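1. Model the following, please.
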Amino acid sequence: MDQGGTRRNRHRRLKLAWTVLPLLGFCVELSPATATVTFIKAGAYSTSGAGAGEPYLISNGPNVVSTVIGDGGYNSKSGSYDEHGLAQASAYSLGAIQLDSVSKASFFVSSTAKVQAPAHEFYLNAETNAAAYYDFSLDTASTLSFTGFATPASPDFTNNISVSLVKYTALGAYDTIYRSGYLGASETGSYALGPGIYAFEVDTFSAASATANNSIFSSATIGAVGNVSLSITSPPPPSPAPEPATWAMMVFGFGATGAAIRSRRKALSAA
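-> From the prediction side, this is the model:
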């Protein structure tokens with residue numbers, strides 16, 4: 001067996017491998033980086049108050065906050081009830097968020113306020129609110145889209161669902177308010193966001209009351225329900241222009257590869 005020929009062939013294979021490696025490095029360098037959405041925190045809170053005369057009873061639900069994505073589900077609920085004779089006031093609320101991933105979330109909030117006042121009874125009041133929120137950061141230009149459904153269809157200051165999207169500075173101060181206001185019966189929104197820290201929140205609020213010493217029986221029940229889904233998408237960043245050193249390495253690699261192939265062909269012809 002020709003030991004010299006075997007060594008020459010092994011040398012050629014190693015030479016070819018070393019000339020191909022720069023090309024692989026060039027390809028890796030040109031691969032676009034993946035844009036990321038980073039989870040900061042998510043949570044929910046709620047509070048309810050009801051009063052038939054005095055005192056006004058307030059019940060706070062848990063203030064649920066998580067800085068770890070965990071199982072992805074967080075909720076808070078509260079309820080308050082008070083009565084005086086036949087007069088009754090009650091308030092209930094719920095805020096919940098479900099994270100399917102750092103780029104997809106679903107929000108649900110509901111609130112109900114009810115008063116029931118017989119004639120010549122005390123002033124009654126019930127009000128309640130709840131919220132669910134998601135704080136995140138972006139490292140590249142992205143698009144946040146949401147779809148929401150809510151009742152009542154015509155919200156007002158006593159009964160509503162609201163949605164807000166705010167950008168914060170690194171110190172926690174307001175930077176830009178992209179959206180803040182009531183959510184209609186059916187609504188979609190899309191926002192172009194740059195790198196930074198953001199907070200998306202869905203809130204509900206309901207309040208009902210009855211005037212003291214009514215001459216007739218009166219009652220009122222109002223409520224609000226909101227469902228909102230959120231998604232964040234990031235286009236792939238453009239491939240970066242290669243550095244001069246990378247171009248030089250690529251040209252050298254192509255030239256060395258061609259030279260190795262020509263040398264091998266000459267060796268085979270000679271054989």
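
2. ranges for the strands of the stretch 101-250 of the chain?
-> 104-117, 124-138, 142-151, 159-168, 174-182, 186-193, 196-210, 218-233 (DSSP state E, counting those that start in this stretch).

3. Verify the stated contact: residue 76 with residue 61.
-> Yes. Applying Cβ atoms under 8 Å, one finds residue 76 in contact with residue 61, separated by 4.1 Å. Every residue, glycine included, has its C-beta placed from N, CA and C.

4. okay, and the common contacts of these two?
-> Counting by Cβ atoms under 8 Å, 6 or more residues apart in numbering, the residues touching both residue 76 and residue 61 are 45, 46, 95, 130.

5. out of those, which are inside strands?
-> Taking DSSP state E as the definition of strands, these contribute 45, 46, 95, 130.

6. Neighbours of the second one, how many?
-> Residues near residue 46, counting by other Cβ atoms under 10 Å, number 29.

7. show me the contacts for residue 109.
-> With contact set as Cβ under 8 Å, 6+ apart, residue 109 has these partners: 93-96, 130-132, 161, 202-204, 224-226.

8. Is it possible to get JSON lines of the residues you listed that adds neighbour count?
-> Converted to JSON lines, those look like this (neighbours: other Cβ atoms under 10 Å):
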{"residue": "93", "neighbour count": "30"}
{"residue": "94", "neighbour count": "22"}
{"residue": "95", "neighbour count": "30"}
{"residue": "96", "neighbour count": "20"}
{"residue": "130", "neighbour count": "30"}
{"residue": "131", "neighbour count": "22"}
{"residue": "132", "neighbour count": "30"}
{"residue": "161", "neighbour count": "29"}
{"residue": "202", "neighbour count": "30"}
{"residue": "203", "neighbour count": "23"}
{"residue": "204", "neighbour count": "29"}
{"residue": "224", "neighbour count": "28"}
{"residue": "225", "neighbour count": "16"}
{"residue": "226", "neighbour count": "25"}
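
9. Just put the residues you listed in CSV and tack on distance to residue 83.
-> As requested, those are exported to CSV (distance: Cβ to Cβ, whole Å):
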residue, distance to residue 83
93, 19
94, 22
95, 26
96, 29
130, 23
131, 28
132, 30
161, 29
202, 31
203, 28
204, 24
224, 24
225, 26
226, 29
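
10. Closest one to residue 122 out of the residues you listed, please.
-> Of all the contacts of residue 109, residue 93 has the smallest distance to residue 122: 23.3 Å, by Cβ to Cβ.
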